[in-house]
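Student: I'll drop the sequence and a predicted model, then ask my questions.
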Amino acid sequence: MDTAGQAPVGSQSHDPDFPERFRAFMRTGWRETALDVTPRAEAPDHAKRRADLSAAFPGETLVIPAGVESVRNNDVHHAFRPASDHVWLTGGHDPAAVLVLRPTGGGHDATLYLHPRSPRDTDEFFTDRNLGELWIGRRHTLAEKSVELQLHTAHLDELAAVLDDCAPGRTRVLRGYDSAVDARVRSAAPERDQELAWVLGELRLVKDAWELEQLQDAIDATVRGFEDAARALPADRPVSERLIEGVFWLRARHDGNDVGYSSIVGAGAHAAILHWTRNDGQTRPGELLLLDMGVENRNLYTADVTRTVPVSGAFTPLQREVYDLVHRSQQAGIDAVRPGVAFDDVHQACMRVLAEGLAGLGVLPVSVDEAMEKDSILYRRWTLHGFGHMLGLDVHDCAAARKERYREGHLEAGFVLTVEPGLYFQPEDDLIPAELRGLAVRIEDDVLVTPTGARNLSAGLPRTADEVESWLAARRGEEFRLP
């Protein structure tokens, strides 16, 4: 199948026009080599997940693409990142790969269709910018990939015939990741495909032991990245937000795959912009700096952590008052986390503390009880977002799950979620005292629901105001270096 969004080989004006004599010469004289491939230790976990999905849809064909590369500009592509559901089921990271589960008498047979390594009897390996090994490096053979993932593999060229043979009423596709697959398989009813998406989302809610190891790995790397950022943050002069972003990105690329999302480095009033990712401002001594950053590890699990630090090294009395309020809110949320607790109860625990604090600051125009009423929520003017979200392969994990299992559901052991209350006083807000305008604080940690309560997986970073000040001072006295 063709890869969507990619210019045909040789169609660009800068593509070389190789003469046939050169092409024939290039096809000769290559030694066959094999990769030393061993089965991944986590392959049984992926097999169990496929079995769980199979049990949910007996007798039906299930198609789960990895997605395709997307164009950034002209023939330059964004770095490829496979669809999370595909990764969760296979462990594979190859672009354009497609997992097909076909029903058998006892469940499903799984086949992963993908591009194998470039053959030497065609010109692909030296002419194709997207697939050629002299352009992008050695790929696995089908046999090598099968050994690595412990999964039957087949050439992607065979997929079209397989999909054409699928009965629309007995086939479900995870849509939106590969336009060629979407077009190939007719949908008998859109809700059938939507059901596949939400079942996958709900199966991913509870993390297994290997997934928890991956999340802790990503979080530990994130802690190191925050320490790097602190070392690069001077107390006495401005620096670019992008300098801090770049320092953290260096850690993400060194210790992991990349950042799990666009880093938010908000200095001063920029911190009041929830998804500030332009990062084109500067820090200023005396102001706060909000850092919302997470490393995505090499198996694509991501952390999501926020800290707000005083650039000068010490909070002013007003900054500390707001910071302490947000910390009390976060602690109330963490204290509420345990199996069986409604997701909304954690939200309410955090929000009530914020509402009470806003009343104490003289900001709230009504009583706390009135502000907390569902047809009011006036306190949300200064916080906007909820207490947190699920975390895993996606920074906003399991987003396709039904509301009754997620935001309108109850927590279960094995869930990993963020607890991240914040207060944001916009610079142009005329309903608050002038000294609050442009001040913003968020504190975010990654929390595992245990059988008896909660465990803060990102406890390697300080949370209280005193701890943050001491931590920042200690990091500034250290030399920055990667191992």
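Tutor: Sure, I can see it.
Student: Could you report the separation of the nearest residue to residue 123 once chain neighbours are set aside from residue 75?
Tutor: In space, residue 123 comes closest to residue 23 once its chain neighbours are excluded; the distance is 5.7 Å by C-beta to C-beta, 6 or more residues apart in numbering. C-betas here are computed from N, CA, C, even on glycine. From residue 23 over to residue 75 the distance is 21 Å, taken as C-beta to C-beta, to the nearest Å.
Student: surely the residue nearest to residue 123 meets residue 122?
Tutor: No. At 9.8 Å, residue 23 does not count as touching residue 122 under the criterion of C-beta atoms under 8 Å.
Student: list the contacts for residue 198?
Tutor: Neighbouring residues of residue 198 by C-beta atoms under 8 Å, 6 or more residues apart in numbering: 400-402.
Student: what do you get for residue 419?
Tutor: With C-beta under 8 Å, 6+ apart as the criterion, the residues that contact residue 419 are 330, 333-334, 337, 346, 350, 387-388, 444-445, 447.
Student: Repeat the analysis, applying 6 Å as the threshold.
Tutor: Applying C-beta atoms under 6 Å, 6 or more residues apart in numbering, we find residue 419 in contact with 330, 333-334, 387-388, 445, 447.
Student: Taking these, tell me the two that lie furthest apart.
Tutor: Farthest apart among the contacts of residue 419 by C-beta to C-beta are 387 and 445. That separation is 11.3 Å.
Student: Tell me which of the two has more neighbours.
Tutor: Between residue 387 and residue 445, counting by other C-beta atoms under 10 Å, residue 387 is the more crowded of the two (28 against 25).
Student: Per-residue pLDDT of residue 2, please?
Tutor: You'll see residue 2 listed with a pLDDT of 43.
Student: All further residue positions should be reported with the first residue as 661.
Tutor: In the new count, where the first residue is 661, that last one comes out as residue 662.
Student: what about the residue lying closest to residue 1026 once chain neighbours are set aside, distance to residue 1092?
Tutor: Nearest residue to residue 1026, sequence neighbours excluded (C-beta to C-beta, 6+ apart): residue 1038, at 5.9 Å. Noted for residue 1038: a distance of 13 Å to residue 1092, by C-beta to C-beta.
Student: How about residue 900?
Tutor: From residue 900 over to residue 1092 the distance is 29 Å, taken as C-beta to C-beta.
Student: One more: residue 1035?
Tutor: For residue 1035, the distance to residue 1092 under the criterion C-beta to C-beta works out to 23 Å.
Student: repeat for residue 732
Tutor: Distance of residue 732 to residue 1092, computed by C-beta to C-beta: 41 Å.
Student: next structured bit after the longest helix along the chain?
Tutor: Determined from DSSP state H, the single longest helix within the chain is helix 869-891. Moving toward the C-terminus from helix 869-891, the next helix or strand (DSSP states H and E) is helix 901-915.
Student: Excluding chain neighbours, give the residue nearest to residue 742 in space.
Tutor: Nearest non-adjacent residue to residue 742, counting by C-beta to C-beta, 6+ apart: residue 726, 4.1 Å away.
Student: ok, back up a step: packing partners for the longest helix of the chain?
Tutor: Judged by 3 or more C-beta pairs under 6 Å, 6 or more residues apart in numbering; DSSP states H and E, helix 869-891 is in contact with helix 901-915, strand 955-956, helix 1125-1136.
Student: buried ones in that helix?
Tutor: Judged by neighbour count (16 or more other C-beta atoms under 10 Å), helix 869-891 contains these buried residues: 871-872, 874-891.
Student: Low-confidence bits of the stretch 761-910 of the chain, can you list those?
Tutor: Along the stretch 761-910 of the chain, segments meeting pLDDT under 70 are nowhere present.
Student: show me where it has strands.
Tutor: Listed in chain order, the strands of the stretch 761-910 of the chain (DSSP state E, counting those that start in this stretch) span residues 767-774, 812-815, 831-833.
Student: Please work out which of those strands is packed deepest.
Tutor: Scoring these by mean neighbour count under mean count of other C-beta atoms under 10 Å gives strand 831-833 as the most buried, with a mean of 25.
Student: Distance from it to the middle of the chain?
Tutor: Its chain's C-alpha centre and that of strand 831-833 lie 25 Å apart, by C-alpha atoms, centre = their mean, to the nearest Å.
Student: That one - which strands sit beside it in the sheet, and in what orientation?
Tutor: When pairs are called by DSSP bridges, strand 831-833 turns out to pair with strand 721-725 (parallel).
Student: you'd agree residue 1104 is up against residue 963?
Tutor: No. Residue 1104 lies out of contact with residue 963 (C-beta atoms under 6 Å); the separation is 9.9 Å.
Student: Could you write me a PyMOL select line covering just the buried ones among the contacts of residue 858?
Tutor: In PyMOL, this line selects whichever of the contacts of residue 858 come out buried by 16+ other C-beta under 10 Å:
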select buried, resi 1060+1061
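Student: Now do the domain split for this structure, please.
Tutor: Structurally, the chain divides into domains by automatic domain parsing as follows: 680-863, 869-1136.
Student: Contacts for stretch 1021-1036, please.
Tutor: If you take C-beta under 6 Å, 6+ apart as the criterion, stretch 1021-1036 is touched by 1015-1016, 1018-1019, 1038-1039, 1092.
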